[in-house]
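Novice: got a sequence here, can you model it:
(2 chains)
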2 protein chains.
Amino acid sequence: MTRSLIDAFNPIFYPRTLAIIGASADATKFGNIILSAIQEIGYGGKIYPVNPDGGEINRLKGYKSLLEIPEPVDFAIITIPSSTIFQALEECRAKGVKGVEILTSGFKETGSPEGKRMEGEIARFSKQGMRILGPNCFGIYCPESGLTILPGQNFSRETGPVGFLSQSGGLCADLGQIAKGLGIRFSKMVSYGNGCDVAACDLLEYFFADEKTRIIAGYVEGLEDGPRFTRLLQENRGKKPVILWKAGLTATGGRAVQSHTGSMGGSEAVWKGAFQQAGVIQVQSAEELIDTIYSFLYLPPAAGPRVAVMGGGGAISVAASDSLERLGLSVPYFSPSVLQKLNASFPPVGNSLRNPVDLGNPMIPPFMLRKVMEAAGEDEGIDTLIVIQILFYILYQVRHRMGKDDRPLSQFSFQPELLRACQEVEARYGKPIILVMPDITTDGQMIDLEIEWRRERDIYQAAGFPVFRSLDRAARALAHVVRFYARD
Amino acid sequence: MTRSLIDAFNPIFYPRTLAIIGASADATKFGNIILSAIQEIGYGGKIYPVNPDGGEINRLKGYKSLLEIPEPVDFAIITIPSSTIFQALEECRAKGVKGVEILTSGFKETGSPEGKRMEGEIARFSKQGMRILGPNCFGIYCPESGLTILPGQNFSRETGPVGFLSQSGGLCADLGQIAKGLGIRFSKMVSYGNGCDVAACDLLEYFFADEKTRIIAGYVEGLEDGPRFTRLLQENRGKKPVILWKAGLTATGGRAVQSHTGSMGGSEAVWKGAFQQAGVIQVQSAEELIDTIYSFLYLPPAAGPRVAVMGGGGAISVAASDSLERLGLSVPYFSPSVLQKLNASFPPVGNSLRNPVDLGNPMIPPFMLRKVMEAAGEDEGIDTLIVIQILFYILYQVRHRMGKDDRPLSQFSFQPELLRACQEVEARYGKPIILVMPDITTDGQMIDLEIEWRRERDIYQAAGFPVFRSLDRAARALAHVVRFYARD
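Specialist: Next up is the predicted model:
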């Protein structure tokens, strides 16, 4: 079953030849945007534009019909009006195409009986040896083969462990952009829209079997087959994490789902229960979805619930304590022997040392943070470290560059030394370290701070340390990882 | 009572002369950072650095003692070791100083009996005609007089309607930075640390009376006088909004509070009840605090709970529906007559028109959004408009600039036309409009998108329209405004 699914899907994810039915030279049309995107990202196979006018499209020969193409076609992208869809599907069948994605909308999601009927007709083609994605979708992004979604022309070409499935194409488009800066890389990302044939269950089953996928995430509005979904997830228990955003759980949300992809929303309590039983990591917003994927990517199973929080500026540690406790994590006092060592290193004035550790001054030199990190590493009551690093020193760097401050830049650049401390403490004690670097500017004038922020974040990330913009987000993401590994 | 409080506080917020006791030429000392900050922001009165060595400090004559200063001193900033604090306070009393702020820490927050005793001693000076801020605080920011906190050298010099009080200096430092880009301007911002004399109640009473303050916000860890706090808030009911983040509500958080400012945390249920009764707008994170201040600044009392959400990309509208309903807002269907008009303007395929309105394509031309905005304006069942504007077109602008796209820039720059639509629809129907512009990049390479984001955000803001980075944040902030004006 799974083997045959892989065999069925591979020509779709890794097509040697590809037709775009509805390809267009008009830059404002989907038929041009998708063709341009696939050309620009550098798809490795052969592309055949199909358009009734023929001619040349984006420097490629256009074919008036799929049937004129001189070799077999593995995969077809269809972006033509819904009225002409059946003729195109007939040609695909005649040509022996293995899979199609239908970007066109105007089917079940319109709520009309006619739309529903037409979608049923489309689905019937899938019974004849051809898998169908969509309709009303943005398609497939597969960095390994160079396929991409609409409009993912600048997505990363690096392949990675995240398999993503989504009924929303817009979310795929956003995620592909955001992921670039976060070091999140995909095995495949699939926008399946109304999901008349391929939908959540097939994609889950594929991702469970796909060796290139280690973390599975998705956005679902409805499910085609509840019992199969539950069975698949039960079989996966303790294996790959599955992070799902099930939208449309409120009454209004459920209504919106129907006009988006024509799915049925379903009651919040039922879904929550089902997800919990199946070990699904449930999230409720795009931000939480992305943060959670990110944390599964960067945090090891050793990430435990007993957290040492350290930084300067006490409100942060008070807030940390509230946030972590609300999420089922804890911020326990250090053990007496560890605390004794800390007390010997730091004066009592201006420092709270018991955990959370507040070193008072937000511009904490790394050698001081390192002492606390080592203490937390040593303490057997601590599983995970959260290090809060305020970027005030960056402000100074920027000021220096602006000529407003003549102190040497190096006086404020803590990053190389702090990174070294993170690496050595992690290597020695084997406890995961999470960095929180709040960004404290939204000012058009101070864009330099954002540039510095991203630069430093990239360096920590490249060394394997996750960086969050707020403690709340770090805590929420960590809590998901902790619950997942504790459960199984 | 209130009159005398204003008389007591005005020399502190608007001092004609100012002494910095512990001023230093060493750029790494608080005594230099605060002096430099006040010089740089452009304080209008006279500054007297005080330091046992005298000499010249930051191009100003240093005085060996406060008593040597040749004229009366209104306000003194104290940043010297705790052991010498009493001598300084004695001199302040002898000199007739009206108010002091003590940045020095090492008192009640250490948890030691000695720290507590010393703090009691400090408080006693306040009984002798001198108001005291701190100890363990970052001080006062008052753009009108040019006072600023540590390290607020680049805070805005524009005055505004927000009065802010905080037991955390770090939060003040962050907020002052973030506020700049958001158009949030302050009447006064006060970091009062341990609050041995001036604390939440006095500051609330001052802000209630202060004509320059229209919106009050704050971060509190404990309260010096619960009954007075409740009485003050009851008297204010229906007048100025009070937005408070009470931290330390969990067990661990309460413990952290004690080592931060020596306050008592208190139980979550008790606080929630008290806040609700007193009409306080309770928030739980720095992000929520800032978003809520922002929304009270930009949204009128007319902002009601029945919301029209419009944009392109359906997951957004599904998520919108879930978010809004969870927050007690609603996304009602448009009335039949309004829907009929919309149906006449838009094809059914690819569009969901009933509300939330999903126009399918994330690159929606403003003339289309305007039609939906007008429909929502006209519909009597709608109070507030949320317009989601994805910045894909900015991506195209950037690509254009990078030479990767030869279509004209103007083809993708929707902002002037959309702004005009917002202004005209708001003027005609009197319904508030909120913009949501998700940022879809965190990539170091694509910093141009962030620059464009901020530039466009600033233009909408300058025209009075709030802009949020996510729909969840917009909805949460709107819900606070709606509840506040509905309650009173």
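Novice: distance of A:G160 relative to A:I34?
Specialist: Applying CB to CB, to the nearest Å, the value for A:G160 to A:I34 is 23 Å. Where you see a C-beta, it was placed from the backbone N, CA and C, and this is true even at glycine.
Novice: and if you look at A:A302?
Specialist: With CB to CB as the criterion, A:A302 and A:I34 are 43 Å apart.
Novice: low pLDDT regions in the stretch 351-488 of chain A?
Specialist: Scanning the stretch 351-488 of chain A for pLDDT under 70 picks out the ranges A:361-363, A:391-413, A:487-488.
Novice: residue in the stretch 1-150 of chain A nearest to chain B?
Specialist: With CB to the nearest CB as the measure, A:G106 is the residue of the stretch 1-150 of chain A nearest to chain B, at 3.3 Å.
Novice: my guess is that residue meets A:E114, correct?
Specialist: No: counting by CB atoms under 8 Å, A:G106 stays clear of A:E114, with 9.4 Å between them.
Novice: out of those two, which sits in the more crowded spot?
Specialist: A:G106 (23 against 11; other CB atoms under 10 Å in any protein chain shown).
Novice: ok, that one - contacts?
Specialist: With contact taken as CB atoms under 8 Å, 6 or more residues apart in numbering or on different chains, A:G106 is in contact with A:P81, A:S82, A:G115, A:M118, A:P135, A:N136, B:P348, B:V349, B:G350.
Novice: just the buried residues of those.
Specialist: Among the contacts of A:G106, those that count as buried by neighbour count (16 or more other CB atoms under 10 Å in any protein chain shown) are A:S82, A:G115, A:M118, A:P135, A:N136, B:V349, B:G350.
Novice: can you redo those residues as TSV with distance to A:E101 and secondary structure?
Specialist: Shown next, in TSV, are the buried ones among the contacts of A:G106 (distance: CB to CB, whole Å; DSSP: H, G, I helix; E, B strand; the rest coil):
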residue	distance to A:E101	secondary structure
A:S82	15	helix
A:G115	19	helix
A:M118	17	helix
A:P135	9	coil
A:N136	11	coil
B:V349	18	coil
B:G350	16	coil
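Novice: pick out the most distant pair among these.
Specialist: Spanning the widest gap among these are A:M118 and B:G350, at 14.3 Å by CB to CB.
Novice: so what touches stretch A:112-128?
Specialist: Outside stretch A:112-128, the residues that touch it by CB under 8 Å, 6+ apart are A:82, A:85-86, A:89, A:92-93, A:102, A:106-109, A:132, A:135, A:194, A:196-198, A:262, B:348.
Novice: which of A:G160 and A:I34 has more residues huddled nearby?
Specialist: It is A:I34, of A:G160 and A:I34, that has more neighbours when counted by other CB under 10 Å, with 26 against 19.
Novice: can you list contacts of stretch A:22-31?
Specialist: A:20, A:32-33, A:35-36, A:49-51, A:55-58, A:62, A:78-80, A:103, A:150, B:407.
Novice: 6 Å - rerun?
Specialist: A:N32, A:L35, A:P49, A:N51, A:I57, A:T79, A:I80, A:L103, B:R407 (CB atoms under 6 Å, 6 or more residues apart in numbering or on different chains).
Novice: among the residues you listed, the buried ones, what's the PyMOL command?
Specialist: Per 16+ other CB under 10 Å, the buried members of the contacts of stretch A:22-31 correspond to this PyMOL selection:
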select buried, chain A and resi 32+35+49+51+57+79+80+103
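Novice: select the longest strand from chain A.
Specialist: Ranked by residue count under DSSP state E, the longest strand found in chain A is strand A:159-166.
Novice: that one vs chain B: in contact?
Specialist: No: Strand A:159-166 stays clear of chain B (CB under 6 Å from any CB of the partner chain), getting no nearer than 7.7 Å.
Novice: can you list the strands that that strand pairs with?
Specialist: Paired neighbours of strand A:159-166 in the sheet (DSSP bridges): strand A:186-191 (parallel), strand A:215-220 (parallel).
Novice: adjacent strands (with direction) for the host helix or strand of A:V307?
Specialist: Using DSSP states H and E, A:V307 maps to strand A:307-311. Sheet pairing of strand A:307-311 (DSSP bridges) gives strand A:357-358 (parallel), strand A:384-388 (parallel).
Novice: ok, and what's touching the first one?
Specialist: What that stands for is strand A:357-358. Residues from elsewhere that reach strand A:357-358 (CB under 6 Å, 6+ apart): A:M310, A:G314, A:S317, A:S352, A:V372.
Novice: hmm, 7 Å instead?
Specialist: Strand A:357-358 is contacted from outside by A:V309, A:M310, A:G311, A:G312, A:G314, A:S317, A:N351, A:S352, A:V372, B:H260, using CB atoms under 7 Å, 6 or more residues apart in numbering or on different chains.
Novice: likewise the last one?
Specialist: Contacts to strand A:384-388, defined as CB under 7 Å, 6+ apart, come from residues A:303-304, A:307-311, A:316, A:369, A:373, A:376, A:431-436, A:471, A:474, A:478.
Novice: chain center to it: distance?
Specialist: How far strand A:384-388 lies from its chain's middle: 23 Å, per CA atoms, centre = their mean, to the nearest Å.
Novice: could you do stretch A:130-150 as well?
Specialist: How far stretch A:130-150 lies from its chain's middle: 17 Å, per CA atoms, centre = their mean.
Novice: likewise for stretch A:448-463?
Specialist: Remark: stretch A:448-463 is offset 19 Å from the chain centroid, using CA atoms, centre = their mean.
Novice: kindly report the same for stretch A:220-231.
Specialist: Taking CA atoms, centre = their mean, one finds the center of stretch A:220-231 at 21 Å from the center of the full chain.
Novice: and what of stretch A:47-58?
Specialist: Remark: stretch A:47-58 is offset 34 Å from the chain centroid, using CA atoms, centre = their mean.
Novice: likewise for stretch A:295-310?
Specialist: With CA atoms, centre = their mean, you get 19 Å for stretch A:295-310.
Novice: just stretch A:108-123 next, same as before
Specialist: From the chain centre to the centre of stretch A:108-123 is a distance of 31 Å (CA atoms, centre = their mean).
Novice: what comes up buried for it?
Specialist: Using 16+ other CB under 10 Å as the test for burial, stretch A:108-123 gives A:K108, A:E109, A:T110, A:G115, A:M118, A:E119, A:I122, A:A123.
Novice: rewinding a little: which of the contacts of stretch A:22-31 sit farthest apart?
Specialist: Longest span within the contacts of stretch A:22-31, CB to CB: A:I80 and B:R407, 23.1 Å.
Novice: tell me, how many residues neighbour A:G226?
Specialist: Neighbour count for A:G226, taken as other CB under 10 Å: 13.
Novice: so who does it touch?
Specialist: Shown in contact with A:G226 (CB under 7 Å, 6+ apart): no residues.
Novice: could you say which helix or strand holds the most centrally placed residue in chain A?
Specialist: Taking CA atoms, centre = their mean, the centroid of chain A lies closest to A:I290, which sits 4.5 Å from it. For A:I290, the host element (DSSP H and E) is helix A:286-298.
Novice: cool, and A:D448?
Specialist: In this assignment (DSSP H and E), A:D448 forms part of helix A:447-462.
Novice: buried ones in that helix, by neighbour count?
Specialist: By 16+ other CB under 10 Å, the buried positions in helix A:447-462 come out as A:447-454, A:456-458, A:460-461.
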